[in-house]
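Q: next comes the sequence, and after it the predicted model I'd like to discuss.
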Amino acid sequence: MNIASVISKKPFLLGLVGLILLLLATLPFYATGYTPILMTTILMYIIMTVSWVIFSGPTGYISLASAAFFGVGIYTMAILGKALPLPVVIAIAGAASFLVALLVGALTLRLKGIYFAIFTFGLVVLIKEVLLYWEINITGTRGRFVVLESNETVYYVMLILFVLTMLVAYFIQHSKLGLALRSIGENEEAAAHTGVNVTMVKVITYAISAIFVGASGAIMATRWTYIDPYVAFNPILSFMPVLMAIFGGVGTLYGPVIGASMLAYLQEVLTTRFPYYYMLIFGAVLIAVILYLPNGLVGLVQRGWKRVSGGQIAST
Amino acid sequence: MIIRILNIVIDGLLMGGIYALIAMGLSLQYGVARVFNIAHGEFIMIGAFATWLMYTVLGINPLLSLVIVGPIILVIGFLLHRTLFTSLRIRAPNPGAYEASSMLASFGLLFIIQYIALSIWGNATRGYTYLAVPFRIGETIFATNRLVTLAFAVGIGLAFYLFLTYTRMGKAIRAAAQDPAAAGLMGININWVLALCFGLGALMAGIAGSLTSMCFPVYATMGLNYTIIAIIVVVLGGLGSIPGSFIGGFIIGLIGSIMSYVQPGLAVASYYLLFIILLLVRPTGILGKK
C-alpha cells in the first residue's frame, strides 16, 4: 500500500465512522419500538467482544472471565442502583470489574495457555456458587430487583460505553502498550529480555479491558429488572465474545465489531423462534469458523480482495 | 461418631470411583491426544441417556448395556478425532495453537450435543431404579447399586492400567504421550493412536455415564458439572498421569462428601477453591512431572 492511497483513504474512513456514529446517535428519533432494544444488545456484545480482543487478541491468552466481569457490574447495579445516581453506579461497576480483573490477573497471569483459560472459566462458576450460597443461607433471598431505566437511557449509555471502548481499544493498539502486548504474544521470553515488564503489561491491560464489560453489565441489569446469580454469571457470556471475535477476525478492531454485530443480530432473531436450535447453530458456527476461517471474516475478505486485486493485503 | 466418619469416607469413595473413571478419560484425551475436551461430560450424558433408554424401553440390564454403550461411544470418539481434531492438528502452526483451537472446537461440540439432547428429551429429569436394595456391612447400610458402580469403576480403571503397562498398544500410547513426533518416527501410526486415545477417553466417559445413571438422575445438562470435576481431578493428579487421575478422583470424592456433610451449598465452591490453590501452588499436580 503506498502513501497516496492512505491519505486518500483516511478522510473517507473518518467520514464513514462519523456517519455511523451519527446514525447510531439519532437512532431513537427515527426508529422506535424494538430497534433501539435490539441495538442495545448488539452494542453490548460489541463492547464485550472488543474488550476481550484488547487483551486476548494480541497476547493469545484465552480469557473466559468476561461473564465474571459482566456479573460484577450487574450486582453493583443491583446493590447500589437505588441509592446512587446512574452514572456514579456505572463508574463504580467499571471500577469494581477493574479491581476484580487486577486481582485475577495478578494471581493467574503466570499460568500459561490452557491453564489460564480454565482458571478464568472457573472464576465465573466460583463467584456464582459463592453468591448462591450467600443469598440462600445468609440473606435468605435468591435474586434481587433492579431499578428500571427507560429504553432510551439504556441505549444512550450503551452507545457512550461503546464509543469509549473503541477509543480505548484504538489507543492501546496504537501505543507502546499495544506493541508490548504484541511482542508478548509472539514470544514472551524475548519480550521480557527486551525490557518489557511482562507481568505489569499483562495485568494492567487485563484490568483495563474489564472496565467496560463491568459497566455494560451494570446498565444491562436495569433492563432485566430481576437478576439472580444464574442470570448474572451466565457462562455463555464468557464464550460469546470469544466466538464473535474469532468469527470476525482477531487481528483488527473492525473484525470483532463486524463479528459481534452479525452474531448478536442472528442470536436475537433466532433465540425467540428456535431457542434450542440457536445453540446448535452457535456450536456448528464455532466449529466451522475454527476449521475453515482461522482469520475470521476479515481474513476471508482480505484473501478474496487479494485474489481480485492481485495486490497486497491491506495493513490495518 | 466413628460410624459417621466411616460413612462419610465410604460415601466419598463410592463417588470417587466414578470421578476416577471420568478423570482417566479426560487425562487420556488431554494428556495424550492434546484435546482439552470440554465436551467430555456430554459423553457421560450420552451414556447415561442410552442406558436409561435401553432399560426403560427395551428392558436391557444396565450392566449389560455397558458392553453395548461403550464400543459405540468409542467409535464415535474415534471418528470425531479422525475428522475434526486431526484436521485441526494438521492446520495448527504449533502445539499451543492446537490446544487452543481444539478446546474451542470442543466447546462447539458441547453445545451441539447438549442441544440435540435438549431438543429430544427437553429439560426433564429422568431416572430408573435398579439394584436399589440395601446392603449391610456391620452397622452401616449402603445401596447395592452404588457398590456395584464402585466395583465396576475400579475394575475398569485397573484393567486399563494393565493395558497401558503391558500391551504393545499401551506402550504406543505412552510413547505418543511423551513425544508424538518421536513416536511417529519409531513407526507408530500417530494419527491412529491419538484417535484411539480420544475414543478410549470417550468410552470411559460413556461407561461412567451408564454407571451414574443407576444411582443418580439423568438430564440433558448434567455433563458440564462432571467435566468441571474431571478437569479439577486431572489437574490435581497431574496432567497426563493416568494413575494420578485415578487417585485424584478418590481424593475429590472424599472432599466432596466431607463438604456435603459440613456445608452442602459450598461443595462445588470448595472444588474450585482447591483447584485455584492447586494451580497457584503446584500446577503440575500430585503425580505430575516437573
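A: Nice, thanks for sending it over.

Q: in the chain, where is pLDDT below threshold?
A: Just so you know, I chose chain A. A:1-9, A:112-113, A:275, A:308-316 (pLDDT under 70).

Q: not quite, go with chain B.
A: Counting by pLDDT under 70, chain B has low-confidence residues at B:131-133, B:137-141, B:283-290.

Q: now the strands for it?
A: Ranges of strands in chain B, per DSSP state E, are B:134-137, B:140-143.

Q: centre of the chain to whichever helix or strand residue A:277 is part of, how far?
A: Per DSSP states H and E: residue A:277 is located in helix A:275-292. Using Cα atoms, centre = their mean, to the nearest Å, the mean C-alpha position of helix A:275-292 is found 19 Å from that of the whole chain.

Q: for that helix, which positions count as buried?
A: By neighbour count on 16 or more other Cβ atoms under 10 Å in any protein chain shown, the buried set for helix A:275-292 is A:276, A:278-283, A:285-287, A:289-291. For every residue, glycine as well, the C-beta is placed using N, CA and C.

Q: farthest-separated two in the residues you listed?
A: Spatial extent of the buried residues of helix A:275-292 (Cβ to Cβ) is set by the pair A:276 and A:291 at 23.2 Å.

Q: how many residues are close by residue 82?
A: I'll assume chain A. Neighbour count for residue A:82, taken as other Cβ atoms under 10 Å in any protein chain shown: 11.

Q: switch to chain B, that's the one I care about
A: Using other Cβ under 10 Å, residue B:82 has 17 other residues around it.

Q: what about the helices in the stretch 151-290 of chain B?
A: B:168-178, B:180-185, B:190-215, B:223-237, B:242-262, B:267-281 (DSSP state H, counting those that start in this stretch).

Q: for residue A:222, which of the ones you listed is the nearest?
A: Minimum separation from residue A:222 across the helices of the stretch 151-290 of chain B (Cβ to Cβ) falls at helix B:267-281, 28.6 Å.

Q: got the contact list for the closest one?
A: With Cβ atoms under 8 Å, 6 or more residues apart in numbering or on different chains as the test, helix B:267-281 has contacts from A:107-108, A:111, A:115, A:118-119, A:122, A:125-126, A:129-130, A:133, B:225, B:228-229, B:231-232, B:235-236, B:252, B:255-256, B:259-260, B:285.

Q: make it 6 Å
A: A:115, A:119, A:122, A:126, A:129-130, B:232, B:235-236, B:256, B:259-260 (Cβ atoms under 6 Å, 6 or more residues apart in numbering or on different chains).

Q: what residues of it count as buried?
A: B:267-272, B:274-276, B:278-279.

Q: tilt between it and helix B:223-237?
A: 40 degrees (axes from the mean of the first three to the mean of the last three Cα atoms, to 10 degrees).

Q: check contacts around residue B:249.
A: Neighbours of residue B:249 in contact, by Cβ under 6 Å, 6+ apart: B:16, B:19-20, B:23, B:233.

Q: can you list these in a markdown table and add distance to residue A:208 and neighbour count?
A: Formatted as a markdown table, those follow (distance: Cβ to Cβ, whole Å; neighbours: other Cβ atoms under 10 Å in any protein chain shown):
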| residue | distance to residue A:208 | neighbour count |
| --- | --- | --- |
| B:16 | 43 | 27 |
| B:19 | 39 | 27 |
| B:20 | 42 | 30 |
| B:23 | 37 | 34 |
| B:233 | 35 | 30 |
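
Q: counting neighbours, what do you get for the residue in chain B that chain A sits nearest to?
A: Chain A sits closest to residue B:111 of chain B, with a gap of 3.2 Å, by Cβ to the nearest Cβ. When neighbours are defined as other Cβ under 10 Å, residue B:111 has 25 of them.

Q: that one and residue A:284 touch, don't they?
A: No - the criterion here is Cβ atoms under 6 Å, and residue B:111 misses it with residue A:284 at 8.4 Å.

Q: re earlier: ok, and what's touching the helix holding residue A:277?
A: A:243, A:246-247, A:270-271, B:101, B:104-105, B:108, B:111-112, B:115, B:118-119.

Q: JSON lines for the helices of the stretch 151-290 of chain B, including distance to residue A:49?
A: Shown next, in JSON lines, are the helices of the stretch 151-290 of chain B (distance: least, Cβ to Cβ, whole Å):
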{"stretch": "helix B:168-178", "distance to residue A:49": "36"}
{"stretch": "helix B:180-185", "distance to residue A:49": "34"}
{"stretch": "helix B:190-215", "distance to residue A:49": "31"}
{"stretch": "helix B:223-237", "distance to residue A:49": "23"}
{"stretch": "helix B:242-262", "distance to residue A:49": "35"}
{"stretch": "helix B:267-281", "distance to residue A:49": "26"}
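
Q: could the buried residues of helix B:267-281 go into a markdown table alongside distance to residue B:211?
A: A markdown table is the format used below for the buried residues of helix B:267-281 (distance: Cβ to Cβ, whole Å):
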| residue | distance to residue B:211 |
| --- | --- |
| B:267 | 20 |
| B:268 | 21 |
| B:269 | 26 |
| B:270 | 24 |
| B:271 | 20 |
| B:272 | 25 |
| B:274 | 24 |
| B:275 | 24 |
| B:276 | 29 |
| B:278 | 26 |
| B:279 | 29 |
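
Q: okay if I get the contacts of helix B:267-281 as CSV plus distance to residue A:63?
A: Output for the contacts of helix B:267-281, formatted as CSV (distance: Cβ to Cβ, whole Å):
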residue, distance to residue A:63
A:115, 12
A:119, 9
A:122, 12
A:126, 15
A:129, 20
A:130, 20
B:232, 19
B:235, 18
B:236, 23
B:256, 28
B:259, 28
B:260, 32
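
Q: between these, which is nearest residue A:216?
A: Looking across these and measuring by Cβ to Cβ, the closest to residue A:216 is residue A:126, at 21.9 Å.

Q: contacts only, for that closest one.
A: residue B:272.

Q: and it, what element?
A: Residue-wise, residue A:126 maps onto helix A:113-134 under DSSP H and E.

Q: tell me how far that helix is from the chain's mean position?
A: 18 Å.
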